[in-house]
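[1] sharing a model prediction with you, sequence too.
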Amino acid sequence: NYSYADRELQFQVFIVPVERVVIQHAENQCIRWIEKSQLKTLDLTDANEIICNALLMPDLYMIADHEIVGDKIIAVVEKQLQCGVRIVQYRITDEYFSEQHIEIGRQLKTLCNKHSATLVLNSNWQLWQSIQPHGVHIKSCDLPKYKDFQQQIPFQALSAACHNEHDVEWINRLAINSAI
């Protein structure tokens, strides 16, 4: 869903195998095929931005959760990066936080840099400065607060948790690249 001042749009996105379908335009709309890399060059409406950003995301997105992977997290992430993963979300839950998580986060950023990948940090805000990720993942409960501290923190929100329509509205307002 996307809300403009005077109207609201609801999108339905489908994956259609092109070789089975004849594409035809309707209502005098133009159709042309383009490469994904050309999406950013088009002058599209704001409502299309979320869809285009999702299309431009890498095909593989790893979520590295220390609670699940444990002490092998560096080795596991490095293997995935070698296999082509280009976005790694490092998830640190508050109840299991230790100073070791900051050091692991820094090591993960070094690995991501080595493999031209992006490190997205999913943690409480206080860790962002210590780890210096490429971007951050905003928890759904933090979406209303994000606008307040967005100017103070130099990290781009690359993704956000989305559990309901209210979260979608916040994500649209905050211009966050993707919802997970």
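    Structure received.

[2] only C-alpha atoms from now on, for both contacts and neighbour counts.
    Noted.

[3] what helix or strand does Asp167 sit in?
    Assigned by DSSP states H and E, Asp167 belongs to helix 165-174.

[4] so what pLDDT did the residue nearest in space to the middle of the chain get?
    For the chain, the residue whose C-alpha lies nearest the mean C-alpha position (CA atoms, centre = their mean) is Ser159; its distance is 3.2 Å. The per-residue pLDDT reported for Ser159 equals 79.

[5] give me the phi and psi for it.
    Main-chain dihedrals, Ser159, degrees, to the nearest 10: phi -160, psi 160.

[6] ok, now how distant is it from Asp46?
    17 Å (CA to CA, to the nearest Å).

[7] likewise Pro58?
    21 Å.

[8] cool, Gln107 as well?
    36 Å.

[9] the strands in this protein, which residues?
    With DSSP state E as the criterion, the chain has strands at 2-3, 8-9, 61-65, 87-91, 118-122, 135-138, 156-160.

[10] what pairs with the second one, and is each one parallel or antiparallel?
    Partner strands and pairing direction for strand 8-9 (DSSP bridges) are strand 2-3 (antiparallel).

[11] now do the fifth one
    For strand 118-122, the paired strands and their directions (DSSP bridges) are strand 87-91 (parallel), strand 135-138 (parallel).

[12] list the contacts of that strand.
    Contact with strand 118-122 is made by 86-92, 108-109, 112, 128, 133-139, 158, as judged by CA atoms under 8 Å, 6 or more residues apart in numbering.

[13] what's the answer for the first one, then?
    Contacts with strand 2-3, where a contact means CA under 8 Å, 6+ apart, come from 8-10, 47, 169, 172.

[14] distance from it to the middle of the chain?
    19 Å (CA atoms, centre = their mean, to the nearest Å).

[15] same question for the third one.
    Centroid separation between strand 61-65 and its chain, computed with CA atoms, centre = their mean, is 12 Å.

[16] pull the CA atoms of that strand into PDB?
    Output of strand 61-65 as PDB, limited to C-alpha atoms (Å, rounded to 0.1, in the frame of the first residue of the first chain):
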ATOM      1  CA  TYR A  61      20.100 -12.100   1.800                       C
ATOM      2  CA  MET A  62      21.600 -13.800   4.800                       C
ATOM      3  CA  ILE A  63      20.500 -13.300   8.300                       C
ATOM      4  CA  ALA A  64      23.300 -14.200  10.700                       C
ATOM      5  CA  ASP A  65      21.900 -14.600  14.200                       C
END
